[in-house]
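1. task: produce atomic coordinates for the following.
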Amino acid sequence: MKKQTNKIVILSVGIVIIAVVILLAMRTTQPEIVGIKKIANMGNRHIDTVDAEHEPYNSNPPTSGPHVGSIASWGVHTEIIPDEKQIHNLEDGGVVVQYNPDLLPKTEWNVLEDVAIGAGRTHVIVAPRYDMEYVIALTAWNKLLPLDIVDSEKIQQFIRAYEGIDHHR
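-> All right, here's what the predicted structure looks like:
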């Protein structure tokens, strides 16, 4: 009788552990964001200046690769941020939201800024970028989400999924 009770206790504990693991996995798994491009990791090598020679980035905007040791300030920028600087922001768990001012109507710029910076986000940058084919591009470490419009739901989903993940190795 005692052996059977021990087996039942062990089986019950095992079932509880499995249930907890499943629940935790479901809670921490982010829903898939349609349209994300996974970009090959170019590493996180530091270079001395934004003008230092280095291999070309494998995406535009870039999502990893050679970068300087300092970051751009978080928040809204009116000037283009050098790739070599914004990559450090990505490495530090940031999300960079860039828009092509030639493709996104000026009336949408503030809407994009409000959506991206809203909800108390602390590691997000919004900045213009003329030399990209996308209207809007959200980047995180090795991730790029191009958008044709200000899609509030996708922008917030991307930021929630990738903001705050440190990539120092």
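2. alpha carbons only for contacts and neighbour counts from here, please
-> OK.
3. you'd agree Lys7 is in a helix?
-> Yes: assignment of Lys7 by DSSP: H, G, I helix; E, B strand; the rest coil places it within a helix.
4. what about it, how many neighbours?
-> Residues lying near Lys7 (other Cα atoms under 10 Å) number 11.
5. contact partners for it?
-> With contact set as Cα atoms under 8 Å, 6 or more residues apart in numbering, Lys7 has no partners.
6. cool, and the one 4 residues further on?
-> For Leu11, no residue counts as a contact, taking Cα under 8 Å, 6+ apart as the criterion.
7. could you point out the helix or strand that follows the helix or strand harbouring it?
-> Using DSSP states H and E, Leu11 sits in helix 2-28. Next in sequence after helix 2-28, counting helices and strands by DSSP H and E, comes strand 37-38.
8. kindly state the beta-bridge partners for the residue nearest to the spatial centre of the chain.
-> For the chain, the residue nearest the mean C-alpha position is Ala140 (2.8 Å; Cα atoms, centre = their mean). Legend: beta-bridge partners of Ala140 under DSSP bridges are Lys143.
9. distance check, it against Glu113.
-> Taking Cα to Cα, to the nearest Å as the measure, Ala140 falls 17 Å from Glu113.
10. surely Ala116 meets Val95?
-> No: judged on Cα atoms under 8 Å, Ala116 makes no contact with Val95 at a distance of 9.3 Å.
11. mutual contacts of the two, please.
-> Contact with both Ala116 and Val95 is made by residues 124, 159, according to Cα under 8 Å, 6+ apart.
12. check which helix or strand the closest residue to Val150 other than its chain neighbours maps to.
-> Spatially, and ignoring its direct neighbours in sequence, Val150 is nearest to Leu112 (6.0 Å; Cα to Cα, 6 or more residues apart in numbering). Applying DSSP H and E as the criterion places Leu112 in helix 106-117.
13. list the buried ones in stretch 75-92?
-> 75-76, 81, 83-92 (16 or more other Cα atoms under 10 Å).
14. now do that stretch: everything it contacts.
-> With contacts defined as Cα under 8 Å, 6+ apart, stretch 75-92 is touched by 44, 49-50, 61-72, 95-96, 113, 117, 122-129, 139-141, 164-168.
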